[in-house]
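Engineer: no sequence for this one, just the structure:
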């Protein structure tokens, strides 16, 4: 295998591993928590949003690194000459570290050589250092923060986009699951009821007229049509779930069924129904990563405002020194020599720039405050509405369950009477239809009930608690 072929094979393998759908074990049961984790780890849109966020982080760090550089080697040779025939060379080699607030520190080793007509050759070897730093309320940090505004805004936007991508795509995956589970029950229920009618027709011990058989066969045909419709629906939901989770194949038998029994002490949805609204609301605020991002944005805007209010002056101090540890001049070696220096630079900043900076920072703070206030209201309103709907849906399910038990008894009686020739086939079929319809209604209410739980989990940020998302 030549190098080109090997490189192509490697790239193909990497692409296959990175971008193809994953396979999961066929005996792996799927339930909300591992659906959340699998979707978070595998969904392509979440991955895309993650890498866009990483790109923004790198761009932000790149900007800051330009002001926080560490140069491990700085070589600065210099040569000079004049019309009298004197010439000199100066060479330094050292390192320098800069900080985001404008501070810097540098140290270097150097040598100076000169050749003059009168004194001859001279050499000085030295070590020097220089430190610079802003004083008091210097505006150096503010100036640099203002310059990175674009990178900062991009970072925060991508962070919020990432949070949205996580939340929306996990919601979509769970939506398919919570729709599939009760609809599989409806599908299986219709098959069982169809079997009930088929057994009735195939039981040789039961005498039925041709007319009766036609009506029963017609009812079977009607059930066949419904079953086919549900097969189409289930397959569509199955494909959507596979796409959102980014897995090759999900078997319907892998979906953990949810049994709702309101007589059980810890029935599904009990927390949202029984817990007080304020407690649910506070938990939602604690889980919501978007609030944390908005909090960071507000904190940085407040820092800009604080620096702008204090940054009327730009005061920068420098200090340093030089130590000649070897000096040879005029054919004589001189003694070691030390020099020190200090300086200060004072600048009054343009007040117009500071006023605009303060105004912008305050506007940003106000915008974030209103965004947070509106989101709090939205979450509170959604919790109230969904909690109320969930409570009422529970009541509907209890009522419909009672009705279903009643229709089961009525159907059993009608069937027995029909077999004894005491009831017409019309009345028997009508009781059968009512039984099937009531059972289907109950499972559809279960679907609605689970959808409300899914939406409450979404509003309350339960996904973030499961995956421990912190950024």
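Structural biologist: That came through fine. These numbers were taken from a predicted model, which means no experiment stands behind them.
Engineer: would you map out the domains in this structure?
Structural biologist: Here the domain parsing of the chain from automatic domain parsing is 25-64+146-302+354-467, 70-134+315-345.
Engineer: residue contacts, residue 369?
Structural biologist: residue 298 (CB atoms under 8 Å, 6 or more residues apart in numbering). Every C-beta, even on glycine, is put in place using the N, C-alpha and C of the backbone.
Engineer: quick one: secondary structure of it?
Structural biologist: helix (DSSP: H, G, I helix; E, B strand; the rest coil).
Engineer: distance check, it against residue 435.
Structural biologist: 57 Å (CB to CB, to the nearest Å).
Engineer: who touches stretch 342-357?
Structural biologist: Residues from elsewhere that reach stretch 342-357, judged by CB under 8 Å, 6+ apart: 135, 139, 142, 146, 304-305, 308-309, 311-320.
Engineer: my bad, should have said stretch 142-157
Structural biologist: 53, 56-57, 59-60, 63-64, 67, 100-102, 293, 296-297, 300, 303-304, 307-308, 311, 357.
Engineer: got it, and stretch 269-286?
Structural biologist: 260, 291, 376, 379-380, 383-384, 386-387, 390-391, 394, 449, 452-453, 456, 459-461.
Engineer: quick one: end-to-end distance for that stretch.
Structural biologist: 20 Å (CA to CA, to the nearest Å).
Engineer: go on, stretch 276-296?
Structural biologist: Start-to-end span of stretch 276-296 (CA to CA) is 30 Å.
Engineer: just the buried positions in that stretch, please.
Structural biologist: 280-281, 283-284, 287-294 (16 or more other CB atoms under 10 Å).
Engineer: how far is it from where the chain is centred?
Structural biologist: In terms of CA atoms, centre = their mean, to the nearest Å, the centre of stretch 276-296 is found 15 Å from the chain centre.
Engineer: quick check: mean pLDDT of it?
Structural biologist: For stretch 276-296, the mean per-residue pLDDT is 89.
Engineer: now do stretch 217-225
Structural biologist: Across stretch 217-225, pLDDT averages out at 95.
Engineer: make a ChimeraX selection of the buried ones in the contacts of stretch 269-286.
Structural biologist: Buried residues within the contacts of stretch 269-286, by 16+ other CB under 10 Å, are selected in ChimeraX with:
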select :260,291,379,380,383,386,387,390,394,449,452,453,456,459,460,461
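Engineer: endpoint to endpoint, stretch 306-320 covers what distance?
Structural biologist: Start-to-end, stretch 306-320 (CA to CA) is 31 Å.
Engineer: so where's this structure uncertain?
Structural biologist: The model of the chain has pLDDT under 70 over residues 1-21, 117-120, 136-140, 330-331, 469-471.
Engineer: all strands for it, in order.
Structural biologist: Assigned by DSSP state E, the strands in the chain fall at 70-81, 87-98, 104-116, 120-134, 313-329, 332-334, 337-348.
Engineer: wait, which of those is closest to residue 33?
Structural biologist: strand 70-81 (45.1 Å; CB to CB).
Engineer: can you name every helix or strand that that closest one contacts?
Structural biologist: strand 87-98, strand 104-116 (3 or more CB pairs under 8 Å, 6 or more residues apart in numbering; DSSP states H and E).
Engineer: now for the shortest one, which elements pack on it?
Structural biologist: The criterion is 3+ CB pairs under 8 Å, 6+ apart, and the helices and strands that strand 87-98 contacts are strand 70-81, strand 104-116.
Engineer: on that earlier part again, want to try TSV for the strands of the chain, with mean neighbour count as columns?
Structural biologist: Listed next are the strands of the chain as TSV, based on neighbours: other CB atoms under 10 Å:
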stretch	mean neighbour count
strand 70-81	10
strand 87-98	15
strand 104-116	16
strand 120-134	16
strand 313-329	16
strand 332-334	10
strand 337-348	10
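Engineer: out of the ones you listed, nearest to residue 440?
Structural biologist: Using CB to CB, the nearest of the strands of the chain to residue 440 is strand 70-81, at 70.5 Å.
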